[in-house]
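Student: sequence-free structure coming up:
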């Protein structure tokens, strides 16, 4: 689920990014961001079909941390449905989102 390559941390987002999954990602990502030299955080949405407000909150929180560190956040392989949610929530104004 978490893969580090140099200063990039890739997080494989689960099929459903709900409260439970968001909390799990938040906890692990924050630990890794505090203990590792990470400058780029990439969320891979290739398997994700659902994202609720807690998922949006998790993304925004990681954006704030990375912004403070001078890093960047990116979402890749985003489906059309999840992309629509990210656009409506305003996430795409802060995070680079690449839809499939």
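Tutor: Ah, there it is. What you see is a predicted model; the values in this text were computed from it and never measured.

Student: Any idea how many residues pack against the residue nearest to residue 47 when sequence neighbours are not counted?
Tutor: Counting by CB to CB, 6 or more residues apart in numbering, the nearest residue to residue 47 once its immediate chain neighbours are dropped is residue 15, at 5.4 Å. All C-beta atoms are positioned from the backbone trio N, CA, C, and that covers glycine. For residue 15, the neighbour count with other CB atoms under 10 Å is 10.

Student: Go ahead and confirm residue 15 touches residue 51.
Tutor: No: at 10.4 Å, residue 15 and residue 51 do not qualify as touching, with contact defined as CB atoms under 8 Å.

Student: Need the residue closest to the centroid of the chain.
Tutor: residue 43 (4.1 Å; CA atoms, centre = their mean).

Student: which residues sit in contact with that residue?
Tutor: Contacts of residue 43 were listed using CB atoms under 8 Å, 6 or more residues apart in numbering, and they are 11, 13, 59, 73-76.

Student: name the element it belongs to?
Tutor: For residue 43, the enclosing helix or strand under DSSP states H and E is strand 40-44.

Student: Pull out the buried positions in that strand.
Tutor: Within strand 40-44, the residues scored as buried using 16 or more other CB atoms under 10 Å are 41-44.

Student: and which of those is nearest to residue 100?
Tutor: Distance to residue 100 across the buried residues of strand 40-44 (CB to CB) is lowest for residue 44, with 11.1 Å.

Student: in the lengthiest strand in the chain, what counts as buried?
Tutor: Determined from DSSP state E, the single longest strand within the chain is strand 72-78. The neighbour-count criterion (16+ other CB under 10 Å) identifies 73-78 as the buried residues of strand 72-78.

Student: With distance to residue 67 added, can I get those residues in CSV?
Tutor: Below are the buried residues of strand 72-78 laid out as CSV (distance: CB to CB, whole Å):
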residue, distance to residue 67
73, 8
74, 13
75, 15
76, 19
77, 23
78, 20
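
Student: What are the boundaries of the strands in this structure?
Tutor: Going by DSSP E, the chain shows strands at 2-5, 8-12, 16-17, 40-44, 50-51, 72-78, 96-99.
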